[in-house]
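Asks: just to be clear, the model below is a prediction. Sequence and coordinates:
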Amino acid sequence: MRPIPAFVLPPLAALALAVIAAAPAGADSTNAAPVIEMTTVPVDVARLPWIGDDTRKFVADTQARFKSGQVAAYVFAASPNGNWGLRTAEGGTTPPSIADLARQALEQCEYFYVLPCRIMAINGMAMQDGTGGWAAQPYMLAPEPARFDFERVPFVGEHDRQLLRDYAFQSSPKALAVSDGGFWSWKGADTVQDAITLAMNDCKTGNGNQDCYLYAVNDFVVMDFKR
């Protein structure tokens, strides 16, 4: 299983002062193109390395749902220390591009691993090459001082990125929270503290009470990917 992320939400008052004082150092997606080398070899989930039994069952279930048509497409990525990322497109919908699903899966995995992960399976096919390895991937996340840019919000798909265009045009105070699984929420309020609280609570509720991370406050990225 993936470890609990090390990102810790600082005291709201202190964060509000930091945001008002200067643009904090944050991070966002590099938008690097994933290396995708499709094969025609069916993946054997039981033989995938690095992952534990619970993750193996989750991937096998996803593969079964793909075969039955419940899932239109999926990409699974993993790292040597057992972290992973998986993105799916539900059946009956127009699936996003494989490259977009791969970007999200790699970002999710890299956030916990810190280094680039590997794509292990796409739509039931193994990504292992003839030498028994997996294609090296570029860094998908890069820490840097940043103003908010909807086109570089990590973890979310291109459709959600377009919805997040509106965040840039909203007046401050405002805050945006995201989850590594792709859920997000932004809120405006009378104070920075209230905006942060509302965004974090709404994101966590919508994300099944799983962790969310504070991504942006006002017009600046505050999420630290260096940890």
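Replies: Structure received.

Asks: now the helices for this structure?
Replies: Along the chain, the stretches classed as helices by DSSP state H are 12-21, 53-68, 98-113, 158-163, 165-169, 192-206.

Asks: list the helices and strands the fourth one packs on?
Replies: Think helix 158-163. Judged by 3 or more CB pairs under 8 Å, 6 or more residues apart in numbering; DSSP states H and E, helix 158-163 is in contact with no other helix or strand. (Each C-beta comes from the backbone N, C-alpha and C, glycine too.)

Asks: and that helix, what's buried?
Replies: Under the neighbour-count criterion of 16 or more other CB atoms under 10 Å, helix 158-163 has Asp160, Arg161 buried.

Asks: tell me which residues are up against it.
Replies: The contact list for helix 158-163, computed with CB atoms under 8 Å, 6 or more residues apart in numbering, reads Pro96, Ser97, Asp100, Phe150, Glu151, Val153, Gly182, Trp184.

Asks: which pair of those spans the longest distance?
Replies: Spatial extent of the contacts of helix 158-163 (CB to CB) is set by the pair Ser97 and Trp184 at 19.9 Å.

Asks: between these two, which one's more packed in?
Replies: Between Ser97 and Trp184, counting by other CB atoms under 10 Å, Trp184 is the more crowded of the two (25 against 13).

Asks: so that one makes contact with Ala175?
Replies: No. Using CB atoms under 8 Å, Trp184 makes no contact with Ala175, being 11.2 Å away.

Asks: pLDDT weak spots in this protein?
Replies: Within the chain, the segments meeting pLDDT under 70 span 1-27, 145, 225-227.

Asks: what residue lies at the spatial centre of it?
Replies: With distances taken as CA atoms, centre = their mean, Phe155 lies nearest the centre of the chain, 2.5 Å away.

Asks: how many residues are close by Gln104?
Replies: Counted with other CB under 10 Å, Gln104 comes out at 29.
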